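Q: Dropping a prediction and its sequence here:
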Amino acid sequence: MTLNDSSVQSLRQIFPALRKITNGQPAAFFDGPAGTQVPQMVIDAIGNYLINHNANHAGLFETSVESDQMLATAHQAAADLVGTADPDSVSFGSNMTTLTFALSRAISQSWNPGDEIVLSRLEHDANFTPWTLAARDRGVTVKMIDVDPADCTLRLEQYEEKITDRTRLVAVGCASNAVGTINPVESICKMAKQVGAVSFLDAVHYAPHASMDVQNWDCDFLICSAYKFFGPHIGIMYGKRNLLESLQPYKLRTSPDDTPGRWMTGTQNHECIAGTLAAIEYLASIEERASNASSCQAENVAPSNLDDSPQNPRRQKLEASMAAIRQYEQILLRHLMEGLERLPEIKVWGITDPERFDQRLPTISITHPKHSPKAIATQLAEEGIYVWHGNYYALPLTESIGVEPEGMVRIGLCHYNTRAEVDRLLECLARL
Ligand SMILES: Cc1ncc(COP(=O)(O)O)c(C=O)c1O
């Protein structure tokens, strides 16, 4: 079952923020790559935690026991989301940037002068600067994979040449938060593995659009952030167990030495972990909600057949839901691209050939020869259309394609956006 206009309308009902009116117009949220809105069940889960189960970890009294049960369930849900059976290989933390800085500090302890790491120019700076600073501290050489400015894809042939037996780490994003390009992470991780290098994936932009699969990708580490996939502001880190156990994180003497506890320094944001669990359950429910919506209006509760029976575990539901999301977003993407083609002054960065849309997400960056990204975003904001402008921290990319300092305008579609919102956006762009 795929999503369609009517099932998306039903899903939108459970996102209170989507009712917002700006200057007399319904707000159109195309700012998903900077952070998505949340369904009511996420808001309820956070409130419910704070009202009924708010406690620190490992107490022997009722609220602490309940809180720890919730944490265990959340680890399992996060494991289902990234595609591993091992809930202890997943830890929570403040956000992707903070988790990556902490991980880079642990991983780089064994690097020596003469070693090399391989990064890419398609990245958000959070998958660049933590590694380059660690390399600087350890006297390690950084090798960069370039971007082809014609379609904003990585020059993949450079991996063959730049990954050598001196390589200690290969870090790459699953998809670009600026231009939507999806990278072939499975083959990149394979090349890293062949020389014994650690592979690290930034899945922050990919997570709300398609199914993550650490098992098949065979990556060593992957990090994503729940606020990009309809949850609260918190980060999630997956790591292979042998590495989580053998690396030495910077941690207190008093914090646990087993995994994931050794990676989760300090008191955790329990209410946001409860919200993240609800966000993952929302994602898992989408395909069934879409089916139910075809016969009745979706309600503000999970449909009754959302149990985790062995025949239909959460991972399978997540895969089905993410496939439904991907299919619907591809339809919206085509619609937007066709509209942009009718506006010849606008340049679309990234893959524009519909035959290759399977290689991109529905995140589109545009520029205009006469209007700055800031001017365009300001005009759209006045009309209740929320887009981003600038470099969205994808500085390695914007520097490499020459759009600094003004950057681009980013239109980020996600599954709660509609064809009507895209039409409104296109009308406004036509009036520039
Ligand atoms: C692709 C990508 N990587 C990393 C980050 C940083 O994530 P966080 O805000 O969780 O640190 C972002 C945030 O926009 C992003 O889009």
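A: Looks like it arrived, so ask away. Numbering: from 1, shown residues only.
Q: contacts, neighbours, all on C-alpha from now
A: Noted.
Q: Could you chop this protein up by domain?
A: Per automatic domain parsing, the domain ranges recorded for the chain read 5-39+314-430, 45-273.
Q: Which elements pack onto the host helix or strand of residue 117?
A: Here residue 117 is covered by strand 116-120, with elements defined by DSSP states H and E. With contacts defined as 3 or more C-alpha pairs under 8 Å, 6 or more residues apart in numbering; DSSP states H and E, the secondary structure elements packing on strand 116-120 are strand 141-145, strand 167-173.
Q: And the contacts of the first one?
A: The set of residues external to strand 141-145 that reach it, using C-alpha atoms under 8 Å, 6 or more residues apart in numbering, is 113-121, 132, 135, 154-156, 158-159, 162.
Q: tilt between it and strand 116-120?
A: 30 degrees (axes from the mean of the first three to the mean of the last three C-alpha atoms, to 10 degrees).
Q: And the last one, by the same measure?
A: Computed by the same axes, to 10 degrees, the angle separating strand 167-173 from strand 116-120 equals 10 degrees.
Q: Please shift the residue numbers so they start at 532 in all later answers.
A: Sure thing, new numbering starts at 532, so read that last one as strand 698-704.
Q: Using PDB, list the CA coordinates for the strand holding residue 648.
A: In PDB, the C-alpha atoms belonging to strand 647-651 read as follows (Å, rounded to 0.1, in the frame of the first residue of the first chain):
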ATOM      1  CA  GLU A 647      45.100   8.700   6.400                       C
ATOM      2  CA  ILE A 648      41.400   9.200   6.600                       C
ATOM      3  CA  VAL A 649      39.000   9.600   3.600                       C
ATOM      4  CA  LEU A 650      36.100  12.100   3.700                       C
ATOM      5  CA  SER A 651      33.800  13.600   1.000                       C
END
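Q: And the next helix or strand past that strand?
A: Where DSSP H and E defines the elements, the next helix or strand beyond strand 647-651 is helix 660-669.
Q: quick one: stretch 956-963 to chain centroid distance?
A: For stretch 956-963, the distance from its own C-alpha centre to the chain's C-alpha centre is 28 Å (C-alpha atoms, centre = their mean, to the nearest Å).
Q: and of the helices and strands packed on strand 647-651, who's closest to residue 924?
A: The closest of these to residue 924 is strand 698-704. By C-alpha to C-alpha, the value is 13.4 Å.
Q: The helix or strand following that closest one vs strand 647-651, what angle?
A: For strand 698-704, the following helix or strand on the C-terminal side (DSSP H and E) is helix 716-725. On the basis of the same axes, to 10 degrees, helix 716-725 is oriented at 170 degrees to strand 647-651.
Q: Do a quick rundown of the strands in the stretch 532-681 of the chain.
A: Ranges of strands in the stretch 532-681 of the chain, per DSSP state E, counting those that start in this stretch, are 552-553, 556-557, 559-560, 621-624, 647-651, 672-676, 678-679.
Q: now those strands in CSV, with distance to the ligand and mean neighbour count?
A: Converted to CSV, these look like this (distance: least, C-alpha to the nearest ligand atom, whole Å; neighbours: other C-alpha atoms under 10 Å):
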stretch, distance to the ligand, mean neighbour count
strand 552-553, 24, 14
strand 556-557, 25, 14
strand 559-560, 16, 24
strand 621-624, 9, 27
strand 647-651, 12, 24
strand 672-676, 16, 18
strand 678-679, 16, 18
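Q: Using CSV, lay out the ones you listed together with mean pLDDT.
A: As requested, the strands of the stretch 532-681 of the chain are arranged in CSV below (pLDDT from 0 to 100):
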stretch, mean pLDDT
strand 552-553, 98
strand 556-557, 96
strand 559-560, 98
strand 621-624, 98
strand 647-651, 98
strand 672-676, 98
strand 678-679, 98
